[in-house]
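Trainee: Provided below for reference: sequence and predicted model.
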Amino acid sequence: MTFHTRDALVLDALLAHVAGPGAGGTCAFLGTVRNGAGEGDVTAIEYSGHEPMVDAEFSRILAEVGERWPGVRVAVRHRLGLVPVGAASIAIAVAAPHRAEAFAACRYVIEAVKTRVPVWKKEHHADGTATWVDPSGHPVVGSG
Amino acid sequence: MRNGTPGTVRVRFFARYAELVGREETALTVPFPATVGDVVRRIRAELPGGADIPERPLTAVNSRHVRLEASVQDGDEVALLPPLAGGCPAPVATRPPARRSSPSR
């Protein structure tokens, strides 16, 4: 199963994948590229990853969701490559019998992604420079 | 594998670590038994730019997060992972179950 793509994310496709007669609540999450916490001069973020491990880790996360919330359906894609400001880098759709499970499982997935899925961000700035981003959101010294 | 028997692991570098060492992977011959920590020490000592990689980076073996104490075997892929975009994970396994004959956990 592939959970990453270099194409623009299409939330409707993920929503269609999780739709079903047993779904009473569906939760969708989009993570989008913003223009930066500092000077706001970020034009895009370049996402790179350990691609086989991205898929393996997503598979493990979704298996955990299935164990914790039986009956919940999840579809997720992470975009890799250069993603411009305003575009989505990750999309998650979760359908559950009730809204509480949908919200909880969606939150579980995005939090797990942030700490476990091997994807890295390089901010591209308006002046043509680029800097790796560390987990706190600050540029890594010596990068670029 | 008998003690001291050499084998080869494929070491992969990503993102900033790949820039530090100027490559995305290298093959490393190590005497077994060996741990991920042994591999990291060799990389830091022997590869140009390797010393700039932290002593205790995030690591994965065969696409699974592991601790530095995890063992490696001939043919394993050892990945050195810069801090992840959203924070540092708690490694979930002390040895990788992938590609082993033993059942995964």
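Mentor: Received the coordinates, thanks. Numbering: from 1, shown residues only, chains lettered A, B, ... in the order given.
Trainee: so which bits of chain A are right by chain B?
Mentor: A:48-50, A:52-53, A:56-57, A:111, A:113-122, A:132-135, A:140, A:143 (C-beta under 8 Å from any C-beta of the partner chain). No exception for glycine: its C-beta is placed from N, CA and C like everyone else's.
Trainee: and the contacts of stretch A:87-106?
Mentor: Stretch A:87-106 is touched from outside by A:8-11, A:14-15, A:17-20, A:22-33, A:45, A:47, A:65, A:68-69, A:71-79, A:83, A:109-110, A:113, with contacts defined as C-beta atoms under 8 Å, 6 or more residues apart in numbering or on different chains.
Trainee: what about the helices in the chain?
Mentor: Here I'm looking at chain A. Using DSSP state H, the helices of chain A run over A:11-18, A:51-68, A:99-116.
Trainee: the chain in question should be chain B.
Mentor: All helices of chain B, identified by DSSP H, fall at B:15-21, B:36-46.
Trainee: below-threshold pLDDT in the chain: ranges please.
Mentor: Let's take chain A. By pLDDT under 70, the weakly predicted segments of chain A are A:37-38, A:135-144.
Trainee: meant chain B actually
Mentor: Applying pLDDT under 70 to chain B flags the ranges B:1-2, B:85-105.
Trainee: spatially central residue for it, please.
Mentor: Residue closest to the average C-alpha location in chain B (C-alpha atoms, centre = their mean): B:V78, at 3.2 Å.
Trainee: now swap in chain A and tell me
Mentor: Residue closest to the average C-alpha location in chain A (C-alpha atoms, centre = their mean): A:I90, at 2.8 Å.
Trainee: beta partners for that residue?
Mentor: A:G31, A:H78 (DSSP bridges).
Trainee: quick one: the residue nearest to A:R6 when sequence neighbours are not counted from A:S89, how far?
Mentor: Of all residues not flanking A:R6 in the chain, A:G81 sits nearest, at 4.4 Å (C-beta to C-beta, 6 or more residues apart in numbering or on different chains). Separation of A:G81 from A:S89 (C-beta to C-beta, to the nearest Å): 10 Å.
Trainee: of the two, which one has the most company?
Mentor: A:S89 (20 against 15; other C-beta atoms under 10 Å in any protein chain shown).
Trainee: please report how far the more buried one lies from A:T43.
Mentor: For A:S89 relative to A:T43 (C-beta to C-beta), the value is 14 Å.
Trainee: how about the strands in chain B?
Mentor: Counting by DSSP state E, one finds strands in chain B at the ranges B:5-13, B:25-32, B:34-35, B:58-61, B:64-66, B:71-72, B:77-81.
Trainee: name the residue of chain A that lies nearest to chain B.
Mentor: Nearest to chain B in chain A, going by C-beta to the nearest C-beta, is A:K114, at a distance of 2.4 Å.
Trainee: mind listing what's buried along stretch B:19-35?
Mentor: Buried positions in stretch B:19-35, judged by neighbour count with 16 or more other C-beta atoms under 10 Å in any protein chain shown: B:19-21, B:28, B:30, B:32, B:34-35.
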